[in-house]
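[1] My questions are about this predicted structure, shown below with the sequence.
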Amino acid sequence: MEAIGPILILVSIPLILRWVPPNRFLGFRVPSVFRNETVWYDANALVGKHCLLFGLLMAVLEFVLPRFARIPVLQIVGAVGFAWIMIADWLTASRWARERGDTPELPR
């Protein structure tokens, strides 16, 4: 459980820097991001920023929580944090896709 924070930080960097093109394996993969290339890059950058902040929070918690409480607290924070990121960013990506209109779909 202690490795989640650093892993999130490392994975978020290419997303924030928009280095990840539309693909089958890496990135925020919800239907709305495949409608428009700008939505893909914007949504993945947003998810990357949220994952970076979340990874930093998880890393800090690993150091400040007492040993006996570390795993249960990180599990709860992890589940709530991932759910929040997924729901909030999915809604945002869907809104962006509606606002920017449909263009030819990107390859999945």
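    Nice, thanks for sending it over.
[2] So which other helices or strands are in contact with the helix or strand encompassing residue 72?
    If you go by DSSP states H and E, residue 72 is part of helix 67-100. Using 3 or more Cβ pairs under 8 Å, 6 or more residues apart in numbering; DSSP states H and E, the elements in contact with helix 67-100 are helix 37-64. All C-beta atoms are positioned from the backbone trio N, CA, C, and that covers glycine.
[3] Pull out the buried residues from the helix it packs on.
    Going by neighbour count (16 or more other Cβ atoms under 10 Å), the buried part of helix 37-64 is 39-48, 50-52, 54-55, 58-59, 61-62.
[4] Not counting sequence-adjacent ones, nearest residue to the residue nearest the centre of the chain?
    For the chain, residue 47 is the residue whose C-alpha lies nearest the centre (Cα atoms, centre = their mean; 3.3 Å). Of all residues not flanking residue 47 in the chain, residue 28 sits nearest, at 4.3 Å (Cβ to Cβ, 6 or more residues apart in numbering).
[5] can you pull the contacts of residue 101?
    Neighbour list for residue 101: residue 36 [criterion: Cβ atoms under 8 Å, 6 or more residues apart in numbering].
[6] before we move on, back to that, could you check the angle helix 37-64 makes with the helix holding residue 72?
    Helix 67-100 runs at 170 degrees relative to helix 37-64, counting by axes from the mean of the first three to the mean of the last three Cα atoms, to 10 degrees.
[7] didn't residue 18 look like it was pressed against residue 47?
    No. Residue 18 is beyond contact range of residue 47, at 11.6 Å (criterion: Cβ atoms under 8 Å).
[8] Now for residue 80, how many residues are close by?
    Per other Cβ atoms under 10 Å, the neighbour tally for residue 80 reads 10.
[9] Check the burial of the residue nearest to residue 47 by counting its neighbours.
    When neighbours are defined as other Cβ under 10 Å, residue 28 has 22 of them.
[10] So what's the predicted local confidence for residue 106?
    For residue 106, the model assigns a pLDDT of 63.
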